[in-house]
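S.K.: Take a look and give me a structure for this.
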Amino acid sequence: MKEIIAYEMIYNKALKYQNDIICVPFHKEYWHEYMKIYNECFYKMRKALEVEPINFYYDYSQIKDKINDIFLFLQNGVIIGAVS
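M.R.: Take a look at the predicted model:
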């Protein structure tokens, strides 16, 4: 694995909140779509850094204990964002 250097971003101005974004709790029915999106998003980075496994998620058991902390932003029933 290559060296990983992380930076911290700090935003020190007043936050503007937008209340029209509604996130739903993660449910098992979203697992396959979430796994596919997650693995696609991080594939190039993990490959370049030689972080194994490159496709991190492969089984629901990896995430089942974390689902209470994951919320999804859906548009027309499709995941377009997630926050944990």
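S.K.: what sits against residue 27?
M.R.: For residue 27, the residues meeting the contact criterion (Cβ atoms under 8 Å, 6 or more residues apart in numbering) are residue 67. In short, each C-beta sits where N, CA and C put it, glycine included.
S.K.: Quick check: it vs residue 9, distance?
M.R.: If you measure residue 27 against residue 9 using Cβ to Cβ, to the nearest Å, the figure is 30 Å.
S.K.: likewise residue 59?
M.R.: Note on residue 59: its distance to residue 9, by Cβ to Cβ, is 32 Å.
S.K.: hang on, residue 79 in a helix?
M.R.: No: secondary structure of residue 79 (DSSP: H, G, I helix; E, B strand; the rest coil): strand, not part of a helix.
S.K.: what bridges to it?
M.R.: With beta bridges defined as DSSP bridges, residue 79 has these partners: residue 74.
S.K.: Am I right that it is in contact with residue 72?
M.R.: Yes: using Cβ atoms under 8 Å as the test, residue 79 is close enough to residue 72 to be in contact (5.3 Å).
S.K.: thinking again about what came up before, if you count surrounding residues, which of residue 59 and residue 9 has more?
M.R.: Using other Cβ atoms under 10 Å as the criterion, residue 59 and residue 9 rank with residue 59 on top: 9 against 4.
S.K.: Backbone dihedrals for that one, both of them.
M.R.: As for residue 59, its main-chain torsions (degrees, to the nearest 10) stand at phi -150, psi 140.
S.K.: so what pLDDT did it get?
M.R.: At residue 59 the predicted local confidence, pLDDT, stands at 97.
S.K.: And residue 20, by the same measure?
M.R.: At residue 20, the predicted lDDT confidence score is 77.
S.K.: any idea how far residue 30 is from it?
M.R.: According to Cβ to Cβ, residue 20 and residue 30 sit 21 Å apart.
S.K.: who touches both of residue 79 and residue 72?
M.R.: The overlap between the contact sets of residue 79 and residue 72 (Cβ under 8 Å, 6+ apart) consists of 30, 34.
S.K.: For stretch 41-59, buried residues please.
M.R.: Judged by neighbour count (16 or more other Cβ atoms under 10 Å), stretch 41-59 contains these buried residues: 42, 46, 57.
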